[in-house]
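Peer 1: structure for the following, please:
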Amino acid sequence: MISPGPVYLRQSVLEKAYSAHHRTASFRKLIIEIEKMVQGVLGTGSPVYVITASGTGVMEAAAANVTRPGSRVLVISGGKFGRRWEEIFDVYNCEVLRVPFEPGKMYDLKKIIAKIDETRPECIAVTHVESSTGTLFPLREFTAALSEEHPLLIVDAIASLGVEDIEMDEWGIDIVVSTAQKAFASPAGVGILSLSDRARTVAARSKRPLYYFSLKKYENGRVNGDTPFTPAIQAIQVLHYCLSVEEEYGWLEMKKRHRRSSRAIVSAYKHLNLLELSGYPSTAVQAMIMPEGCDSSEFIESLAERYNIIIADGQDDLRGRIIRSGFTGLCSGELLTFAVKKIGELLEEKGIAVDLDAAAAEMRAIADQKDIF
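Peer 2: So this is what the prediction gives:
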């Protein structure tokens, strides 16, 4: 499996889960240690809440806790997951201001800043890596362009955390949402949410009638490692193990590994007549345009059935037109080379002109890369 996530989980990793009760000192210790490890990769001293939910769940938690009906929210959108922010804020009766960009195209920061100055929103929501298109939002440059007293900045780092650079405190980010099943190589179902002091002040004043997603409930027991509701116990145990392995490997080294792998696989793809969709590509997700006349949905199904290689299709208007791979930095060079070879062979069978030898040569850059788990 080389999909953008959920990522492939080895049986040996899944076996790190065991029977336990969450109201015990040993489990509370796991929660406290997860918070510290996530703070390290996020570059923050702010609290981290571990919430049993999908990425969309923690996006909703962020939106619900720092807005009120009528709150003016500016959403920067370049694809499916940017639009998800719009949908969530709409549900909570916010005034949603949209700054849309064509999928895969460069973001125009001057246009965004002008819109902020014109509309003066209370919050700004952005997707760091738009995984539907493989596009990286220039977050560091954007935060540097904001005024010191900028609106609350909310970042979807679901696809990016652990892969792309992000410094929550240094860059002045107020809220970051992420999940376990991507770069942290853990089972789906565990959401991660971090709030700056400024965002916590806003959330503490919230009058919204929330229950499961009320961050006040999560804050009450956080320092002791208590969750307000029964968490995904086994998924959290695996997350703790995977974070421990990655932290020991080193977050900087993890990012370098991801970049090496992504460069190699994209270079190889180009010899297979697959071209990048994005003009500002991320390391986390490789979104590649299929050759003319080759339907990606059918191709992906054949790849899975014949070789047990799982990659992702395009979404919405891009379905059938692109393939998406991701988090290759977590995989061995042998696995990735096998996947690229089989993708090339299948394309060749379908009458696409490919250079399998050149693609294989590009993969030699990571031939010695071992699985870290």
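Peer 1: so what's residue 313 up against?
Peer 2: By Cβ atoms under 8 Å, 6 or more residues apart in numbering, the residues touching residue 313 are 296, 297, 300, 319, 320, 322, 323, 324. C-beta here means a position set from N, CA and C on the backbone, and glycine is covered the same way.
Peer 1: JSON lines please, covering the residues you listed and showing neighbour count, secondary structure and pLDDT.
Peer 2: Listed next are the contacts of residue 313 as JSON lines, based on neighbours: other Cβ atoms under 10 Å; DSSP: H, G, I helix; E, B strand; the rest coil; pLDDT from 0 to 100:
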{"residue": "296", "neighbour count": "22", "secondary structure": "helix", "pLDDT": "93"}
{"residue": "297", "neighbour count": "14", "secondary structure": "helix", "pLDDT": "95"}
{"residue": "300", "neighbour count": "21", "secondary structure": "helix", "pLDDT": "94"}
{"residue": "319", "neighbour count": "12", "secondary structure": "coil", "pLDDT": "93"}
{"residue": "320", "neighbour count": "15", "secondary structure": "coil", "pLDDT": "92"}
{"residue": "322", "neighbour count": "25", "secondary structure": "strand", "pLDDT": "93"}
{"residue": "323", "neighbour count": "24", "secondary structure": "strand", "pLDDT": "95"}
{"residue": "324", "neighbour count": "24", "secondary structure": "strand", "pLDDT": "95"}
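Peer 1: now the residues you listed in a markdown table, with distance to residue 110?
Peer 2: Formatted as a markdown table, the contacts of residue 313 follow (distance: Cβ to Cβ, whole Å):
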| residue | distance to residue 110 |
| --- | --- |
| 296 | 34 |
| 297 | 38 |
| 300 | 38 |
| 319 | 32 |
| 320 | 34 |
| 322 | 29 |
| 323 | 33 |
| 324 | 29 |
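Peer 1: so where do the helices sit in the stretch 1-150 of the chain?
Peer 2: Remark: helices assigned in the stretch 1-150 of the chain by DSSP state H, counting those that start in this stretch are 11-14, 25-42, 55-66, 80-91, 109-119, 139-145.
Peer 1: so how far is the last one from its chain's centroid?
Peer 2: With Cα atoms, centre = their mean, to the nearest Å as the basis, the distance from the averaged C-alpha position of helix 139-145 to the chain average is 19 Å.
Peer 1: and residue 116, how close does it get to residue 85?
Peer 2: Distance, residue 116 to residue 85, by Cβ to Cβ, to the nearest Å: 15 Å.
Peer 1: buried residues in stretch 184-203?
Peer 2: Neighbour-count burial for stretch 184-203 flags 184-196, 199-200, 202-203 (criterion: 16 or more other Cβ atoms under 10 Å).
Peer 1: tabulate the CA atom coordinates of it in CSV.
Peer 2: Output in CSV follows, covering the C-alpha atoms of stretch 184-203 (Å, rounded to 0.1, in the frame of the first residue of the first chain):
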residue,chain,number,x,y,z
PHE,A,184,2.6,8.8,12.0
ALA,A,185,1.9,5.4,10.4
SER,A,186,-0.8,4.4,12.9
PRO,A,187,-4.4,3.1,12.7
ALA,A,188,-7.1,5.5,11.6
GLY,A,189,-9.4,6.9,14.2
VAL,A,190,-7.2,9.1,16.4
GLY,A,191,-7.3,12.9,15.9
ILE,A,192,-4.8,15.4,17.1
LEU,A,193,-5.6,19.0,17.9
SER,A,194,-3.4,21.8,19.3
LEU,A,195,-4.5,25.3,20.4
SER,A,196,-2.3,28.3,21.1
ASP,A,197,-3.0,30.4,24.2
ARG,A,198,-5.0,32.8,22.1
ALA,A,199,-7.2,30.1,20.7
ARG,A,200,-7.7,28.5,24.1
THR,A,201,-8.9,31.9,25.4
VAL,A,202,-11.5,32.1,22.6
ALA,A,203,-12.5,28.5,23.1
